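Engineer: below is the structure, and that's it, no one-letter string:
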């Protein structure tokens, strides 16, 4: 089962999105701030991280940089989520280390497609060092 870490400070958004992801067949871990999210990512090593960029204790940008600079979490695909999509935010997210970017309100089909792409790319990257040319794990997306 695919394990997702959702880092979101808004309780309603966190609960709604985690329920929708569970219905899509995923195991969902949640964190309500950046520090808890970083700790959870390091201890649980999820398959993918969804991170709100506007968090109360640390900017999402700084949290992304911290996760991407740590050898234990650097290979985890990370998709930034934000309600305040401004010109240049996507570029800023990618420069900070995000693998992709999506806006709120979440369009679940669009987000699932981005998650699927990131998980497939991660599976391919992770299989290359072993010289394994097989396909990636079948993902639970419809």
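Structural biologist: Right, received. Where do you want to start? Nothing here was measured: the structure is a model prediction, and the numbers come from that model.

Engineer: can you check the pLDDT for residue 68?
Structural biologist: With respect to pLDDT, residue 68 has a value of 96.

Engineer: which non-adjacent residue is nearest it?
Structural biologist: Nearest residue to residue 68, sequence neighbours excluded (CB to CB, 6 or more residues apart in numbering): residue 97, at 3.4 Å. All C-beta atoms are positioned from the backbone trio N, CA, C, and that covers glycine.

Engineer: elements contacting the helix or strand bottoming out on mean pLDDT in the chain?
Structural biologist: Using mean pLDDT, DSSP states H and E, the weakest-scoring helix or strand in the chain turns out to be helix 89-96, at a mean of 83. Using 3 or more CB pairs under 8 Å, 6 or more residues apart in numbering; DSSP states H and E, the elements in contact with helix 89-96 are helix 60-69, strand 78-82, strand 100-103.

Engineer: now the ones you listed as JSON lines including mean neighbour count?
Structural biologist: Putting those into JSON lines (neighbours: other CB atoms under 10 Å) gives the following:
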{"stretch": "helix 60-69", "mean neighbour count": "19"}
{"stretch": "strand 78-82", "mean neighbour count": "23"}
{"stretch": "strand 100-103", "mean neighbour count": "19"}
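
Engineer: summarise which helices and strands the biggest helix by length in the chain is packed against.
Structural biologist: Longest helix in the chain, counting residues (DSSP state H): helix 108-127. If contacts are counted by 3+ CB pairs under 8 Å, 6+ apart, helix 108-127 sits against strand 48-52, strand 78-82, strand 100-103.

Engineer: in it, what's buried?
Structural biologist: 111-112, 114-120, 122-123 (16 or more other CB atoms under 10 Å).

Engineer: how far is it from where the chain is centred?
Structural biologist: In this view, helix 108-127 has its centroid 10 Å away from the chain centroid, taken as CA atoms, centre = their mean, to the nearest Å.

Engineer: any idea of the mean pLDDT for it?
Structural biologist: 94.

Engineer: let me see the contact set for the most centrally placed residue in the chain.
Structural biologist: Closest to where the C-alpha atoms of the chain average out (CA atoms, centre = their mean) is residue 49, at 2.3 Å. Residue 49 is in contact with 4-7, 37, 41, 67, 76-79, counting by CB atoms under 8 Å, 6 or more residues apart in numbering.

Engineer: perfect, that will be all.
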